[in-house]
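Asks: Test case, fold it:
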Amino acid sequence: QVQLVESGGGLVQTGGSLRLSCAASGSIFSINSMDWYRQAPGKQRDRVASITRGGTTNYSDSVKVRFTISRDNAKNTVYLQMNSLKPEDTATYYCKVYCLTRTQPWRDYWGKGTLVTVSS
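Replies: Next comes the predicted model:
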């Protein structure tokens with residue numbers, strides 16, 4: 001089984017910054033893509049950013065330039081640096097990893113989320 005623990009959420013003012021972390025643990029053999037999603041109240045969950053094992057990144061248009069995704073393969077951890085935050089960034093942020101374990105084939109695993117609130 002794989003456990004994902006997100007941290008770094010909180011309350012910040014408009015224009016501020018936060019850094020989210022998501023650490024994967026368990027019987028992991030390999031992690032391919034790592035992603036950040038977010039879900040605002042009453043809205044669908046949308047992908048914010050993704051990064052491959054080799055470091056190729058991709059961002060949604062709404063966060064491009066302001067957010068940076070990175071990963072530490074040795075620590076099975078993915079980060080999301082969020083700068084110039086706006087009230088519309090308020091949401092619960094979830095990490096997702098595409099992972100191969102010693103007992104399960106490649107599949108997605110989700111974290112439980114961390115709340116980011118941006119005040120105006």
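Asks: Do a quick rundown of the strands in this protein.
Replies: Ranges of strands within the chain are 2-7, 10-13, 18-26, 28-39, 46-51, 57-59, 67-72, 77-82, 91-101, 107-110, 114-119, based on DSSP state E.
Asks: deepest of these, which one?
Replies: For the strands of the chain, the largest average neighbour count (mean count of other CB atoms under 10 Å) is found in strand 77-82, namely a mean of 23. C-beta here means a position set from N, CA and C on the backbone, and glycine is covered the same way.
Asks: any chance of the strands of the chain in CSV, plus mean pLDDT?
Replies: Below are the strands of the chain laid out as CSV (pLDDT from 0 to 100):
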stretch, mean pLDDT
strand 2-7, 96
strand 10-13, 98
strand 18-26, 97
strand 28-39, 97
strand 46-51, 98
strand 57-59, 98
strand 67-72, 98
strand 77-82, 98
strand 91-101, 98
strand 107-110, 97
strand 114-119, 98
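Asks: which ones are touching the closest residue in space to residue 38 that isn't next to it in sequence?
Replies: Nearest residue to residue 38, sequence neighbours excluded (CB to CB, 6 or more residues apart in numbering): residue 91, at 3.9 Å. Taking CB atoms under 8 Å, 6 or more residues apart in numbering, we find residue 91 in contact with 38, 39, 40, 43, 115, 116.
Asks: Now with 7 Å, please.
Replies: Shown in contact with residue 91 (CB atoms under 7 Å, 6 or more residues apart in numbering): 38, 39, 40, 116.
Asks: so how far is residue 66 from the spatially most central residue of the chain?
Replies: The residue lying closest to the centre of the chain (CA atoms, centre = their mean) is residue 36, at 2.8 Å. Distance, residue 36 to residue 66, by CB to CB, to the nearest Å: 13 Å.
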